[in-house]
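**Q** Sequence and predicted structure, then a few things I'm wondering about:
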Amino acid sequence: MTEATQTWEAPTIQLRSQRQRLWRTFVRNRTALLGLFLMLIVVFTAIFADDWFIAVFEGREARPLLAPHDPLKQDTRNRLAAPSSEHPMGLDSYGRDTLSRVIYGARVSLAVGIASVLIGGVLGALLGLTAGFLGGRVENILMRVTDVLMAFPSLIMGLMVLAVLGGGLLNMILAIGIVLSPTFARVAHGTTLSVKQNQYVEAARSYGAGNLRIAIRHILPNITSELVVLASIWTATAIRVEANLSFIGLGISPPTPAWGSMIRDGTQHLFNAPWVSLFPGLAILITVLAFNLLGDGLRDILDPRMQQ
Amino acid sequence: MTRYIAARLVLAIPTFLAVLTLVFFVVRVIPGDPAVAALGDYASKEAVEALRERMGLNDPLYVQYFRFLADLARGDLGTSMITGKEISELVRQVLPYTLQLTVSAIIVGSLLGVPIGIYTARNANTGIDYVGRILSLSGLSVPAFYLGILIMLLFAVKLELFPAVGGGDIHDLGDNLRHLFLPALTLGLIMTASVTRLTRSAMLNVLQEDFVRTARAKGLKERVVVMRHALRAALVPIVSIIGIWAANLIADSVLTETVFARPGLGKMLVGAIMQRDYTALQSVMVIYTMFVVGVNLITDIVYSFVDPRITH
């Protein structure tokens, strides 16, 4: 920790100690740790909602594992039943177990969150990298288009893209991916411009490396840390936008459990059966908060000004 | 200053045109025939064809595009394909509700967010700052519609202080404000979260600057140092985030209006998408984008007042 120990260490050891220091900063960053912890819970819930990993080998339908009941099974005689020991979060208007649906719903949210950020990240990084690297007219056109796309709030953009593509899980992922891409493009563009100035890029060019090689081998690795922080924060946004669109009624079609649509169904019975809406909402809040806390913490750690 | 504002106005025109063009083409590529959507699936071929002719859908795309721009320039938004009513009339009816909601949310967000941000920055890394950080991150994480539901359950159902749904009578101020309170609180709290966060980090940066140290060294009261020296410098990023959020609020108002069954542009937008009312959809999108481009413009201009360096 002290200054003295660092000055005489050999370069290789210093490299390792830098990683250790980053890790130590991360562990000491309580908000980031809390975020990681919450995120792991959500991921764990999504994976072990049912025993698909055994069912695949036995060639049968997956059975609920973490979820106490089948999320699609309807108990029509007990519709909108209040929370009880049998159904800790009550039943919805079709008599389905809310807890089981909340547990299965984690899959849709995570799938949309992660896949759309991947699509948006790759698309945006490609655009930004191309613009920043080629410069000139290409750069001008690409970045103006990005500006125009960013003028739209993400929800309005998502609505437009979904209106064109139609609903469903894949279209939802694609729509949110497209919505996110301008932000990634802008960051990738800015970072590319500054990385491009470095001497190692000039060195690579001097020994005859082509544009593509320089972009992939030299520039891309240097802009990833920025993009990773962005990815964590934007996974949070993607999950929230998915919930918003599902709530409006453009999302994943029933009966697949998705948190946003569950809340939408519940609003019709808000006054006599609030639990149908309240629990899925809590799940959204916790999941989005987890990714935000993690992204916030990562940004603190990777921001050189924070590491004195 | 006037030259700067004029330049920004001129620069906003191509952006606005580009956005209008995008809206026009997006509405054109939405699957399904608008005439069929208006008449229903069982309409005869002749009726559909006649309607397409009357709506100008059989004209070449560029003719439709220029007609769209020309109509807009005259302030003509067309008629709704489903209800047959003038869209500009429908917009005139609901626009005041959306404006009311957005403006009051900005006021709530600024009045709560800036003081809390200053307070947490001055008490950085203490328990209260920690609580503030988690709370403001939660505010950024909660979907607007869910916060709306929670607020509605508490204030309208449990405490019965305010009406749960509707927009109230626009001509009766008391009734109107009572209906405005809960939706404005919902959007305002979400806005508070981001304003608090930004004010905190902007103040933290500024409080380390040399001129703040100088002001302290002069023996000025801490209050004067913070309010007159530091806040002034921190105001630039704060104004810009309020601008960005004003644009976002317009979108979040869609959700709030849906939850509180409040008339407004957002409800009109969702209705247009659900009923496949293409003309209404196109018009609402145009108005939304006009808002966003306009808000960005105003932000830039306010910015130049707060920070005179920008105009030079």
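**A** Good, I have the coordinates.

**Q** drop to CA atoms for contacts and neighbour counts, all remaining ones
**A** OK.

**Q** A:S225 - nearest residue in space that isn't next to it in sequence?
**A** Computed as CA to CA, 6 or more residues apart in numbering or on different chains, the closest residue to A:S225 that is not its neighbour in sequence is A:L302, at 7.7 Å.

**Q** what sits against A:F247?
**A** A:260-264 (CA atoms under 8 Å, 6 or more residues apart in numbering or on different chains).

**Q** Helices of the chain, residue ranges please.
**A** As the question left the chain open, I've gone with chain A. With helices called from DSSP state H, chain A shows them at A:3-7, A:11-28, A:30-47, A:52-58, A:98-134, A:136-150, A:154-165, A:169-196, A:199-206, A:211-213, A:220-248, A:259-267, A:275-302.

**Q** please go with chain B instead
**A** Under the criterion DSSP H, chain B contains helices at B:2-29, B:34-39, B:45-55, B:61-73, B:87-122, B:127-141, B:144-151, B:173-207, B:210-217, B:222-224, B:231-259, B:265-274, B:278-306.

**Q** what would those look like in a markdown table with mean neighbour count, mean pLDDT and distance to chain A?
**A** Listed next are the helices of chain B as a markdown table, based on neighbours: other CA atoms under 10 Å in any protein chain shown; pLDDT from 0 to 100; distance: least, CA to the nearest CA, whole Å:
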| stretch | mean neighbour count | mean pLDDT | distance to chain A |
| --- | --- | --- | --- |
| helix B:2-29 | 15 | 82 | 6 |
| helix B:34-39 | 19 | 76 | 13 |
| helix B:45-55 | 14 | 81 | 20 |
| helix B:61-73 | 13 | 87 | 18 |
| helix B:87-122 | 19 | 90 | 14 |
| helix B:127-141 | 18 | 88 | 5 |
| helix B:144-151 | 23 | 92 | 6 |
| helix B:173-207 | 22 | 89 | 11 |
| helix B:210-217 | 14 | 84 | 17 |
| helix B:222-224 | 11 | 82 | 26 |
| helix B:231-259 | 22 | 80 | 6 |
| helix B:265-274 | 20 | 85 | 7 |
| helix B:278-306 | 20 | 80 | 7 |
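
**Q** Tell me which of those helices lies nearest to A:I41.
**A** Among the helices of chain B, helix B:127-141 comes nearest to A:I41, with 17.1 Å by CA to CA.

**Q** Give me the angle between that closest one and helix A:275-302.
**A** Interaxial angle, helix B:127-141 versus helix A:275-302 (axes from the mean of the first three to the mean of the last three CA atoms, to 10 degrees): 120 degrees.

**Q** Name the nearest residue to B:R133, ignoring sequence neighbours.
**A** B:R197 (7.3 Å).

**Q** Looks like the one you found contacts B:I134 (just checking).
**A** No - applying CA atoms under 8 Å, one finds B:R197 not in contact with B:I134, separated by 10.2 Å.

**Q** what sits against the residue nearest to B:R133?
**A** Each residue near B:R197 by CA under 8 Å, 6+ apart is listed here: B:117, B:133, B:136.

**Q** Pull up the gap between it and B:M191, please.
**A** Remark: distance between B:R197 and B:M191 (CA to CA, to the nearest Å) = 10 Å.

**Q** With A:E226 instead?
**A** For A:E226, the distance to B:M191 - CA to CA - is 26 Å.

**Q** Just the closest residue of chain A to chain B, please.
**A** A:V164 (4.3 Å; CA to the nearest CA).

**Q** quick one: which of the contacts of A:F247 is most hemmed in?
**A** Within the contacts of A:F247, A:G260 tops the neighbour count with 31 neighbours, counted by other CA atoms under 10 Å in any protein chain shown.

**Q** who in the stretch 51-200 of chain A is up against chain B?
**A** Within reach of chain B by CA under 8 Å from any CA of the partner chain, the stretch 51-200 of chain A has these residues: A:148, A:151-156, A:160, A:163-165.

**Q** between those residues, which is closest to A:L230?
**A** A:S154 (15.5 Å).

**Q** Surely the closest one is in contact with A:V179?
**A** Yes - at 6.0 Å, A:S154 counts as touching A:V179 under the criterion of CA under 8 Å.

**Q** Of these two, which one has the most company?
**A** Taking neighbours as other CA under 10 Å, A:S154 and A:V179 compare with A:V179 leading, 27 against 21.

**Q** so who does the more buried one touch?
**A** A:120, A:154, A:157-158.

**Q** what's stretch A:102-111 in contact with?
**A** If you take CA under 8 Å, 6+ apart as the criterion, stretch A:102-111 is touched by A:42-43, A:45-47, A:49, A:66-67, A:71, A:169, A:239, A:242-243, A:257-259, A:279-280, A:283.

**Q** Quick check on the residues you listed: which are buried?
**A** A:42, A:45-47, A:49, A:66-67, A:71, A:169, A:239, A:242-243, A:257-259, A:279-280, A:283 (16 or more other CA atoms under 10 Å in any protein chain shown).

**Q** right, and the residue of chain A closest to chain B touches B:F25 too?
**A** No - between A:V164 and B:F25 there is no contact under CA under 8 Å: 10.3 Å.

**Q** related to what we said a few turns ago, so can I have a markdown table of the helices of chain A showing mean pLDDT?
**A** Converted to a markdown table, these look like this (pLDDT from 0 to 100):
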| stretch | mean pLDDT |
| --- | --- |
| helix A:3-7 | 48 |
| helix A:11-28 | 68 |
| helix A:30-47 | 90 |
| helix A:52-58 | 84 |
| helix A:98-134 | 90 |
| helix A:136-150 | 83 |
| helix A:154-165 | 83 |
| helix A:169-196 | 86 |
| helix A:199-206 | 82 |
| helix A:211-213 | 76 |
| helix A:220-248 | 83 |
| helix A:259-267 | 88 |
| helix A:275-302 | 88 |
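
**Q** Which one, of these, ends up nearest to B:A156?
**A** It is, among the helices of chain A and with distance given as CA to CA, helix A:259-267, at 14.3 Å.

**Q** So which residues make contact with the closest one?
**A** A:92-93, A:102, A:105-106, A:109, A:242-249, A:251-252, A:254, A:273-278, A:280-281, A:283-284.

**Q** One more: stretch A:154-171?
**A** Outside stretch A:154-171, the residues that touch it by CA under 8 Å, 6+ apart are A:108, A:112, A:172, A:175-176, A:179-180, A:241, A:244-245, A:250-253, B:26-27, B:29-31, B:248, B:251-252, B:273.

**Q** And that stretch, how far out from the chain middle?
**A** Distance of stretch A:154-171 from the chain centroid (CA atoms, centre = their mean, to the nearest Å) equals 17 Å.

**Q** can you pull the buried residues of it?
**A** Buried residues in stretch A:154-171 (16+ other CA under 10 Å): A:154-167, A:169, A:171.

**Q** which among those gets closest to B:L159?
**A** Closest to B:L159, out of all of the buried residues of stretch A:154-171 and judged by CA to CA, is A:L155, at 32.0 Å.

**Q** Give the closest residue to A:R96 in space, chain neighbours not counted.
**A** Closest residue to A:R96 apart from its sequence neighbours, by CA to CA, 6+ apart: A:Q74 at 4.8 Å.

**Q** Tell me who's in contact with that neighbour.
**A** If you count contacts by CA under 8 Å, 6+ apart, A:Q74 has them with A:94-96.

**Q** Show me just the buried residues among those.
**A** When the contacts of A:Q74 are checked for burial by 16+ other CA under 10 Å, the buried set is A:94-96.

**Q** Which phi and psi values does the residue of chain B found nearest chain A adopt?
**A** Going by CA to the nearest CA, chain A is nearest to B:I30 of chain B, at 4.3 Å. Main-chain dihedrals, B:I30, degrees, to the nearest 10: phi -60, psi 130.
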